[in-house]
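*Asks:* sequence and predicted structure below; questions after.
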Amino acid sequence: MISNTVAGGASRYSAFSELGTMAKKGSWVFLLLVMLGVAVRVGFVLAADARQLTFHSGGSDAPVYALLAENLISHKGFTYAGQPSAFRPPGYPLLLAGSMEIFGPHYISAIRWLQFLVGLWTVWICGKISSRLFNSSAERATIIFGLFLPTLIFSTDQLLTECLAAFLTALFLLFLVDQRQSAGTASAVGLGLVSGLEALIRFNAAALPLFAAWVVLKTRHRRSFLLRFAAVVLLPCAVIAPWLVRNAYAFPGRILYSTHGGANAVQGVVTTQGRTQTGDSERLLAAMGWTLRDLETNDPARLSLPSEVDLNRNAIRVLPRLWKEQGWNAVPLLLRKIADFWLSADQILDTKALPTRERVLRGTGVLVYLILLSLAVRGLYRLSQTRPEIASIFLVYVVGYTLLHLPLVMNTRLRIPLAEPLLIVLAGVGWTSLPYVRASLREAPEALSSVDFPDSVSER
């Protein structure tokens with residue numbers, strides 16, 4: 001308990017102080033919150049219909065991933081209506097296909113329970129990052145925030161890539177921090193392997209090796225520089241090589257990695273959220289002559305469209321005209337995209353078609369997210385004082401991925417796997433660095449033995 005002296009001198013902070021002590025100490029309160037967080041996630045999985053691909057979601061991309069998996073187990077390969085496809089990354093359809101083969105009609109539940117375990121592992125990894133950067137109280141705060149963050153809970157039940165990609169992002173950040181601190185070969189190998197695996201799950205993860213290479217360059221004066229640089233650059237290429245070879249065979253000399261870029265960029269101007277809103281299909285049809293539903297289907301009508309390579313190139317050709325038509329409207333358009341991506345504005349302003357209960361649920365989730373985002377901003381500021389070399393890496397990561405997405409679709413779902421692991425890490429640091437929380441941790445006698453404040457965090 002907090003001493004009477006501190007409680008009397010800072011009564012207005014007593015509630016925050018008790019929470020701060022709880023977040024640091026290995027107390028029964030912390031353990032109770034952990035068990036409650038796990039129970040909430042278990043309940044979320046159990047509440048989902050085992051026959052539905054998504055839960056509290058309109059469906060989104062889940063059906064097309066399932067369709068690709070069904071085509072795989074039917075020995076049709078990565079195709080739609082017999083036409084080769086590189087419109088979706090191969091990793092998740094392969095996982096679904098394996099689950100279909102092993103668990104049959106129960107594959108949806110099997111994937112959800114797998115993602116439940118992966119989600120817990122993600123939170124644990126993020127806690128370890130906070131511990132390395134700050135102290136064990138930040139670790140415990142990060143774990144609690146991660147267990148209850150609605151977006152991470154939501155991703156557990158969806159047969160979508162977010163949950164698995166968030167786990168790989170957490171691993172990437174762990175190795176990134178270790179590489180900056182110790183410049184070890186093992187962490188460089190980890191960065192290369194993880195970024196390659198995530199690039200097979202989400203196409204936008206292909207930029208991860210760039211951040212890894214930049215961090216290695218920051219430590220080029222240290223041992224094994226060439227070996228570490230080769231690991232973060234060449235290992236991702238080795239991991240995705242089978243996919244590149246397959247594409248070279250399916251589309252001889254015409255594409256290398258993906259046919260999704262052109263359509264994504266057109267959506268980034270015409271339907272910026274990439275979600276199915278009223279009138280979006282008509283706008284896409286007018287802009288590029290086809291929609292995603294026309295492409296991602298086994299319906300024979302798909303054969304009336306050109307190949308994915310031609311569709312991708314034609315979409316890229318119309319981009320200059322689409323942006324020119326925006327004129328000065330491009331500025332508010334880009335600002336709205338950033339708001340959708342970082343503030344989850346899409347979950348507040350564009351959910352009118354949903355039932356009231358669903359809108360309230362999503363609004364509550366956004367409120368929780370925004371609170372944690374404010375703590376994460378404070379955490380990044382605190383790290384800039386205590387670990388500036390790490391803070392600069394995180395800042396470059398955030399700004400870099402924001403800029404990379406500006407021409408493309410931007411929404412909450414796209415943010416989850418890239419940013420949520422970093423968010424809870426920084427929120428844990430931000431919470432623990434609040435003055436009243438720090439005071440409670442220093443003054444609680446039974447907590448002092450386990451507090452490991454870095455020298456740079458201590459009062460001077």
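*Replies:* Looks like it came in fine. Numbers count the residues shown, from 1 in each chain.
*Asks:* okay, now Arg140: neighbour count?
*Replies:* 25 (other Cβ atoms under 10 Å). In this view, the C-beta of every residue, glycine as well, is placed from N, C-alpha and C.
*Asks:* so it sits against Gly127, correct?
*Replies:* Yes - assessed by Cβ atoms under 8 Å, Arg140 is found in contact with Gly127 at 7.2 Å.
*Asks:* what residues are up against Pro300?
*Replies:* Ala81 (Cβ atoms under 8 Å, 6 or more residues apart in numbering).
*Asks:* pLDDT score for the nearest residue to Tyr369 once chain neighbours are set aside?
*Replies:* Counting by Cβ to Cβ, 6 or more residues apart in numbering, Ser344 is the residue found nearest to Tyr369 once chain neighbours are left out, at 5.8 Å. Listed pLDDT for Ser344 reads 92.
*Asks:* and Ser344, what are its phi and psi?
*Replies:* phi 60, psi 40 (degrees, to the nearest 10).
*Asks:* let me see the contact set for it.
*Replies:* Gly365, Val366, Tyr369, Leu370, Thr412, Arg415.
*Asks:* overlap in contacts, Arg140 and Gly127.
*Replies:* Between them, Arg140 and Gly127 share the contacting residues Gly428, judged by Cβ under 8 Å, 6+ apart.
*Asks:* so which of the contacts of Ser344 wins on neighbours?
*Replies:* Result: Thr412 is most packed of these (other Cβ under 10 Å), 25 neighbours.
*Asks:* from Thr151, how far off is it?
*Replies:* Look at Thr412 and Thr151: by Cβ to Cβ, to the nearest Å, they are 7 Å apart.
*Asks:* ditto for Thr122
*Replies:* 12 Å.
*Asks:* tabulate the contacts of Ser344 (CSV), appending secondary structure and distance to Arg180.
*Replies:* As requested, those are arranged in CSV below (DSSP: H, G, I helix; E, B strand; the rest coil; distance: Cβ to Cβ, whole Å):
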residue, secondary structure, distance to Arg180
Gly365, helix, 32
Val366, helix, 32
Tyr369, helix, 27
Leu370, helix, 29
Thr412, helix, 29
Arg415, helix, 23
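*Asks:* and those, which is closest to Ala391?
*Replies:* Nearest to Ala391 among the contacts of Ser344: Arg415, at 20.0 Å, using Cβ to Cβ.
*Asks:* please name the nearest non-neighbouring residue to that closest one.
*Replies:* Closest to Arg415 by Cβ to Cβ, 6+ apart is Phe341, at 5.3 Å.
*Asks:* how about the one you found, what does it touch?
*Replies:* Per Cβ under 8 Å, 6+ apart, neighbours of Phe341: Thr402, His405, Met410, Asn411, Thr412, Leu414, Arg415.
*Asks:* contacts only, for the second one.
*Replies:* When you say that, I think you mean His405. Asn204, Lys337, Phe341, Leu414.
*Asks:* please redo it, this time with the cut-off set to 7 Å
*Replies:* Phe341, Leu414 (Cβ atoms under 7 Å, 6 or more residues apart in numbering).
*Asks:* likewise for the first one?
*Replies:* Thr402 makes contacts with Ile338, Phe341, as judged by Cβ under 7 Å, 6+ apart.
*Asks:* so it is in which element?
*Replies:* Element membership for Thr402, per DSSP states H and E: helix 388-405.
*Asks:* what ranges do the strands span in this protein?
*Replies:* 79-80, 83-84 (DSSP state E).
*Asks:* which residues touch the last one?
*Replies:* Under the contact criterion Cβ under 7 Å, 6+ apart, strand 83-84 has outside partners Phe78, Ala250, Phe251, Arg302, Ser307.
*Asks:* and that strand, what's its mean pLDDT?
*Replies:* 94.
*Asks:* which ones are touching Glu242?
*Replies:* Just to correct that, residue 242 is Pro rather than Glu. Contacts of Pro242 by Cβ under 7 Å, 6+ apart: none found.
*Asks:* mind checking how far Ala206 is from Ile102?
*Replies:* The value you get for Ala206 to Ile102, if Cβ to Cβ is used, is 29 Å.
*Asks:* neighbour count for these two, which is higher?
*Replies:* Ala206 (19 against 10).
*Asks:* now the more buried one, nearest residue through space, not along the chain?
*Replies:* Ala199 (4.7 Å).
*Asks:* Asp61 now?
*Replies:* Leu160 (6.2 Å).
*Asks:* repeat for Asp178
*Replies:* Ser187 (4.0 Å).
*Asks:* give me the neighbour count for that neighbour.
*Replies:* Counted with other Cβ under 10 Å, Ser187 comes out at 24.
*Asks:* show me the contacts for it.
*Replies:* Counting by Cβ under 7 Å, 6+ apart, Ser187 has contacts Phe175, Asp178, Gln179.
*Asks:* what do you get if the cut-off is 8 Å, keeping everything else the same?
*Replies:* Phe175, Leu176, Asp178, Gln179.
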